[in-house]
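In: pasting the sequence and the predicted model now:
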Amino acid sequence: MSNKSFSRTLEPFLRHIAACNSAVLPGGRTPFFCADSQIGWVSPSTVQALETLGVRAGQKFGVSAGADLFPLSHTLCEMGLYASHHEAFDVRDDSGTVLGQVDRGAIPVLGLAAEGVHLNGLVERADGLFLWVARRSMSKRLDPGKLDHLVAGGMSAGLDPQTTVIKEAQEEAGIPAELAAKAQAVGRIHYALERPEGLRRDVLHCYDLLLPEGFVPVAEDGEVESFHLLPIREVMVLIRDTDDFKFNVNLVLIDLFIRRSLFDPADAAILRRALSGQAA
């Protein structure tokens, strides 16, 4: 493939992947521990706040036990480092063991890993493959008004990905549990980037769900302004030419385009390596 061809066909997609992998670690950050497990990366400003609280685990910044994590997150909220989401998220070590919980808003402040789900709501029609797209409410705390998946959400404390999909599908799009349970797990995407709210180190559990042609989503929880059923190639053009979608949705949709053979094999291989964090 020539450089000219590479730039013309793939650069618009690769830029979305690069944008979600912009964080350099440690990049001036300090490791944050729970007992002997490093679980996060904290910025200099957060280090200052932790120093005033005397938050150390031995000679390291952190807590001595998982039970201390949620109280710490509450204190950081009271200090004005973030606004509470009033939702607890599990904190895991590298093996996936749950160590404790924090308020969801504290996750980027402490540079913790977080998990969520993204569901491609697909409709196969005689005239091609279509995708349900949601427009986020203008009242959303993050990325108001951006385009989004039909269903997407963080994994609250005590839940697993499948349970989260079923829960979010009902709340966000009115999808009955028996239909949402048919969603197929198709992969995971990791990334790390700087955002206004802090360091995002996310793991996205990706799902596909084939929906009946007659299904029409209903916003149950007020987080979605509207739903739109679009041809998959129209969605591909939006990803290529705009920043209309919420930042991480781009990655999940690029993965969908690869799996649906919308790129030629050589381009698909390059994009697949980029999504997995390997050099293109």
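Out: Perfect, I can see it now. Residues are numbered from 1 along each chain as shown.
In: which strand or helix spans E194?
Out: Under the criterion of DSSP states H and E, E194 resides in strand 184-195.
In: on contacts alone, who are the packing partners of that strand?
Out: strand 198-210, helix 249-259 (3 or more Cβ pairs under 8 Å, 6 or more residues apart in numbering; DSSP states H and E). Where C-beta positions appear, they are placed from N, C-alpha and C, glycine not excepted.
In: and among the ones you listed, the most buried is which?
Out: A comparison of the helices and strands packed on strand 184-195 by mean neighbour count, using mean count of other Cβ atoms under 10 Å, puts helix 249-259 on top with a mean of 22.
In: returning to what we had before: need the helices and strands packed on strand 184-195 in a markdown table with mean pLDDT and distance to G116, can you?
Out: What follows is the helices and strands packed on strand 184-195, written out as a markdown table (pLDDT from 0 to 100; distance: least, Cβ to Cβ, whole Å):
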| stretch | mean pLDDT | distance to G116 |
| --- | --- | --- |
| strand 198-210 | 97 | 6 |
| helix 249-259 | 98 | 10 |
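In: mind putting these into TSV with distance to L53?
Out: Output for these, formatted as TSV (distance: least, Cβ to Cβ, whole Å):
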stretch	distance to L53
strand 198-210	17
helix 249-259	36
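In: of these, which is nearest L271?
Out: Nearest to L271 among the helices and strands packed on strand 184-195 is helix 249-259 (5.8 Å), distances taken as Cβ to Cβ.
In: the inter-axis angle of that closest one versus strand 184-195?
Out: Note on geometry: by axes from the mean of the first three to the mean of the last three Cα atoms, to 10 degrees, helix 249-259 and strand 184-195 are set 140 degrees apart in direction.
In: tilt between helix 249-259 and strand 198-210?
Out: Using the same axes, to 10 degrees: helix 249-259 against strand 198-210 is 40 degrees.
In: how far away from the center of its chain is helix 249-259?
Out: Computed by Cα atoms, centre = their mean, to the nearest Å, the separation of helix 249-259 from the middle of its chain amounts to 13 Å.
In: the helix or strand immediately after it in the chain: which residues count as buried?
Out: Scanning forward in sequence from helix 249-259, with DSSP H and E defining helices and strands, the next element found is helix 265-275. Taking 16 or more other Cβ atoms under 10 Å as the neighbour-count basis, helix 265-275 is seen to contain the buried residues 267-268, 270-272, 274-275.
In: which ones are touching A88?
Out: For A88, the residues meeting the contact criterion (Cβ atoms under 8 Å, 6 or more residues apart in numbering) are 70, 101-104, 156-157.
In: tell me the spacing between it and V63.
Out: The spacing between A88 and V63, counted by Cβ to Cβ, to the nearest Å, is 16 Å.
In: show me which of the buried residues of helix 265-275 is closest to K182.
Out: Nearest to K182 among these: L275, at 25.0 Å, using Cβ to Cβ.
In: check which element follows the helix or strand of the chain with the lowest mean pLDDT along the chain.
Out: The least trusted helix or strand in the chain, going by mean pLDDT, DSSP states H and E, turns out to be strand 56-57, with a mean of 70. Heading C-terminal from strand 56-57, the first helix or strand you meet, by DSSP H and E, is strand 60-63.
In: for that following strand, C-alpha coordinates in PDB please.
Out: C-alpha atoms of strand 60-63 as PDB (Å, rounded to 0.1, in the frame of the first residue of the first chain):
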ATOM      1  CA  LYS A  60       3.900   4.500  48.800                       C
ATOM      2  CA  PHE A  61       0.800   6.600  48.000                       C
ATOM      3  CA  GLY A  62      -2.300   4.600  48.600                       C
ATOM      4  CA  VAL A  63      -4.400   2.800  51.100                       C
END
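In: still on that earlier bit, which of the contacts of A88 fall within strands?
Out: Using DSSP state E, the members of those that fall within strands are 101-103.
In: closest to E11 among those residues?
Out: Ranking the ones in strands among the contacts of A88 by separation from E11, with Cβ to Cβ as the measure, puts V102 on top at 37.5 Å.
In: just the pLDDT for that closest one.
Out: According to the predicted model, the pLDDT of V102 comes to 98.
In: can you check the one 3 residues further on too?
Out: The confidence metric pLDDT takes the value 96 at G105.
In: partner residues bridging the residue nearest to V98 when sequence neighbours are not counted?
Out: Computed as Cβ to Cβ, 6 or more residues apart in numbering, the closest residue to V98 that is not its neighbour in sequence is D90, at 4.7 Å. Judged by DSSP bridges, the bridge partners of D90 are Q101.
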